[in-house]
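>>> pasting the structure only:
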């Protein structure tokens with residue numbers, strides 16, 4: 001996999017925690033950041049997909065929802 005170099009600002013306490021975690025797990029910070037970003041993206045995409053399914057379900061069951069609300 002091709003990698004790119006990035007630059008960002010992070011709260012100092014979080015940075016220290018990340019460095020400690022990397023040391024505890026015998027991993028480098030880059031690996032931890034890549035994993036965290038991958039998980040964040042996956043979590044956000046799932047929410048969008050769930051929201052889309054919910055909206056479709058509401059549209060398909062609009063009449064039933066109206067009857068249930070009475």
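Done, it's in. Please read all numbers here as calculations on a predicted model, not as lab measurements.

>>> Pull the residues that contact whichever helix or strand residue 63 is part of.
Here residue 63 is covered by helix 62-69, with elements defined by DSSP states H and E. With contact meaning C-beta atoms under 8 Å, 6 or more residues apart in numbering, helix 62-69 is reached by residue 58. All C-beta atoms are positioned from the backbone trio N, CA, C, and that covers glycine.

>>> how much distance is there from it to the middle of the chain?
Taking C-alpha atoms, centre = their mean, to the nearest Å, one finds helix 62-69 lying 33 Å from the centre of the chain it belongs to.

>>> for stretch 6-25, same thing?
The answer for stretch 6-25 is 18 Å, by C-alpha atoms, centre = their mean.

>>> try stretch 56-68
On C-alpha atoms, centre = their mean, the centre of stretch 56-68 falls 30 Å from the chain's centre.

>>> Let me see the mean pLDDT of the helix or strand where residue 56 lies.
Taking DSSP H and E as the definition, residue 56 sits inside helix 29-60. If you average the pLDDT over helix 29-60, you get 87.

>>> What's the local residue count around residue 16?
The number of residues packed near residue 16 is 11, by other C-beta atoms under 10 Å.

>>> Over to residue 32?
15.
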